[in-house]
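[1] Just a sequence and a predicted model for now, questions to come.
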Amino acid sequence: MNTDNINTEKIKVPTMAEYMAQGKKPEVLFWVGCAGSFDDRAKKITKAFIKLLTKAKVDYAVLGTEESCTGDPAKRSGNEFLFQMQAAMNIEVLNGYEVKKIVTACPHCFNTIKNEYPELGGNYEVVHHTQFLKSLMEEGRLRVEGGKFKGKRITFHDPCYLGRANNEYEAPRDLLRKLEVELLEMRKCKSQGLCCGAGGGQMFKEPEKGNKDVNVLRTEQALETKPEAIAAGCPFCNTMMTDGVKNKNKENEVEVLDVAEMIAQAQDL
Amino acid sequence: MAIIGQILFFIALVLGVGFFTLNIKKLIRNIKLGKTVDCTDRKGDRFKQMAKVALGQSKMVVRPIAGILHIIVYVGFIIINIEVIEIIIDGLFGTHRVLSFMGGFYNFLIGTFEILALLVFVGVVVFWLRRNAIKITRFWANEMKGWPKDDANYILYFEMILMGLFLLMNAADYQLQLSGAAHYAQQDGSIVGAFPVSQYISPLLAGLSESSLILVERSAWWLHIFGILFFLNYLYYSKHLHILLAFPNTYLAKLQPKGEMDNLESVKQEVALMMDPNADPFAAPSGDDEAAEPEKFGASDVFDLNQVQLLNAYTCTECGRCTSECPANQTGKKLSPRKIMMDTRDRLQEVSKQIDAKKDPKEDGKQLLDDYITREELWACTTCNACVQACPIGIDPLSIILDMRRYLVMEQSAAPNELNVAMGNIENNGAPWPYNQMDRLNWANEN
């Protein structure tokens, strides 16, 4: 029996308010994001990441009910007012807790807080969860190795807001290599990766008229590599790719998994 | 007689360069219709970007076939134009190959020009085949019908003719030098210049009399220089301005991460006021502001865009790499980032014509939104930055799409209904879905 096995029910997720009450500050704030908080599929990613943080003994906290949408979908839909209102409120909360470092599993939150908040008064070190997990691994705090994915055919779908938007292509791939998977690249990958179709507010509306859905096209590109699983690094991409796989009736053969979920599963967490 | 030629040449040169200068002034005037934008920061990085992307063609070779062919044409174009210096001096002073005093180096230069001219010719023929015979999809999109398609082909024909004339001129010149014709041949019978390509054309001319040879050489010479002057002036009316504008465009292109979108200054002030507990909501605007019209949010016409966006529009050469990478376009949606740039340029040119006709372009009942770019196109964008990444010369179609969305949402409340619902949710409960903010940590207690 693996003694490392961590049950989320036993994990108490600490909040910034509790830390404050004890006069402490965590090493890092975990920004959960709307999808990670409310979407049933994305909540699994959140829990997997929490398990990894716990396993690596990271001193972290979440904002809990004090967190609010970063404003990314509003800004990219053209509602700059709503975006800046959200930003102002979030920055007030973050600055109130004197937050220095933020980790998030959502590339949209990552991009917005990292690139668009500084000019509005919010200056933090912001990292994507794959970057954070990679640094934990390099510091020897987290073991990432083989397990159930060893030798499995895996392709990674680059989230636009992690890849093109912020030039991070390698952190998720480095983690997958450590899992000893057979890493397959789609014909459109990295800086030329095709969007899943969810960005720019599209997640919350019906697509405009066309002859195909973007997520179906992207899923076709992923399936061309004949993968056993599609790895993702964004809750929205995850949803879009999962829907795409269902559209192709492959849901029993090809799983869509976040990189954090894969690491957690590999360790039987 | 010779003096008449020199005078004619001078007049042609002055007219050609003069008319071009007028059009460039007009171009600058039009770009200045846009909002000013501060690009005085990070000069070193900007020069580096220009050197790498424009001069170094780094993004062209992402598609190796088109990229390498383009580099050949580009290098050929720049280097062969050194020869134009000699052509201008010869034309003005009636000399023959005035730079030949450089001796061996001159022969090396002319030889190089010839080889490049041949390579350019071949490159341009392949470009023509790619467009018209292989029919590569991106050259046959909707927005490429009519003038844009013809325009692209005209430019290719032009370059074929110019290179052909250059080689024909050299071939005739070589033949004349061989036959010892006056003005052409050297006293000692040596040959000026090296003709690695045109020496194979000159045998075709061997049967001609000296006067016919001179006629061929002179005609080719005149047509070549007229062709260059015509091409220079054609630029402004074509998609081909990128040969000049790629340099300022890559210098001024965004240096921040692609995901970073600007925070609207006008909104910042409003939000600061709303967040300020001491602000008096009923305060009368201070004296200065009263007369000033409140700034418009977003863009519905070219005047609302900034100068870099307008420069982008003039710089676009309609290669369509953006459109072929666009997820919306690939799945049959109406959006084409290239069309966004072409529409912006076409509207700006329409405005330009009205200014020339002393009419108020803001009163023509037309605008960029709806008359050129439809809402359906704007709402199809996923803001994925594939178009920005794909552009070989730093054009940012996404920034125009975003500015036009801002106008639709903030000035007209004209977002698609589902987006209004999502934005209402963000406003009321801090998430795009209708969940209570107080439930945000519930996941921690679920299985």
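    That came in fine, so what should we check first?
[2] Kindly state the pLDDT recorded for the closest residue to chain A within the stretch 1-150 of chain B?
    Residue nearest to chain A within the stretch 1-150 of chain B: B:Val62 (7.7 Å; CB to the nearest CB). Heads up, the C-betas are built off the backbone N, CA and C, glycines and all. pLDDT recorded at B:Val62 is 95.
[3] Report how many residues lie close to it.
    B:Val62 sits with 14 neighbouring residues when counted by other CB atoms under 10 Å in any protein chain shown.
[4] Which of the helices or strands spans the closest residue to B:Asn442 other than its chain neighbours?
    Nearest residue to B:Asn442 in three dimensions, chain neighbours excluded: A:Ser37, at 7.9 Å (CB to CB, 6 or more residues apart in numbering or on different chains). Secondary structure assignment for A:Ser37, by DSSP states H and E: helix A:33-38.
[5] And the strands in the stretch 101-250 of chain A?
    Along the stretch 101-250 of chain A, the stretches classed as strands by DSSP state E, counting those that start in this stretch are A:101-104, A:125-128, A:153-156, A:182-184, A:229-232.
[6] Pull up the pairing partners for the third one, direction included.
    Strands that pair with strand A:153-156, judged by DSSP bridges, come out as strand A:182-184 (parallel), strand A:229-232 (parallel).
[7] Likewise for the first one?
    Neighbouring strands of strand A:101-104 in its sheet, by DSSP bridges, are strand A:28-31 (parallel), strand A:125-128 (parallel).
[8] low-confidence ranges in chain B?
    B:1, B:281, B:283-293 (pLDDT under 70).
[9] any idea what the residue in it positioned nearest to chain A is structurally, helix, strand or coil?
    Nearest to chain A in chain B, going by CB to the nearest CB, is B:Gly259, at a distance of 2.7 Å. Classification of B:Gly259 by DSSP: H, G, I helix; E, B strand; the rest coil places it in coil.
[10] Please enumerate the helices of the stretch 201-350 of chain B.
    Per DSSP state H, counting those that start in this stretch, the stretch 201-350 of chain B carries helices over the ranges B:210-234, B:242-252, B:265-275, B:287-291, B:307-315, B:321-325, B:327-330, B:337-356.
[11] Distance to chain A and mean neighbour count for these - can I get that in TSV?
    Shown next, in TSV, are these (distance: least, CB to the nearest CB, whole Å; neighbours: other CB atoms under 10 Å in any protein chain shown):
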stretch	distance to chain A	mean neighbour count
helix B:210-234	34	17
helix B:242-252	17	20
helix B:265-275	4	15
helix B:287-291	19	8
helix B:307-315	16	24
helix B:321-325	7	25
helix B:327-330	4	26
helix B:337-356	13	21
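[12] Can you lay out those helices as TSV showing distance to B:Ala133?
    Listed next are the helices of the stretch 201-350 of chain B as TSV, based on distance: least, CB to CB, whole Å:
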stretch	distance to B:Ala133
helix B:210-234	24
helix B:242-252	24
helix B:265-275	50
helix B:287-291	62
helix B:307-315	28
helix B:321-325	19
helix B:327-330	24
helix B:337-356	22
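[13] buried set for stretch B:415-423?
    By neighbour count on 16 or more other CB atoms under 10 Å in any protein chain shown, the buried set for stretch B:415-423 is B:Ala415, B:Pro416, B:Leu419, B:Asn420, B:Ala422, B:Met423.
[14] near chain A too, which of these?
    Residues of the buried residues of stretch B:415-423 in contact with chain A (CB under 8 Å from any CB of the partner chain): B:Ala415, B:Pro416, B:Leu419, B:Ala422, B:Met423.
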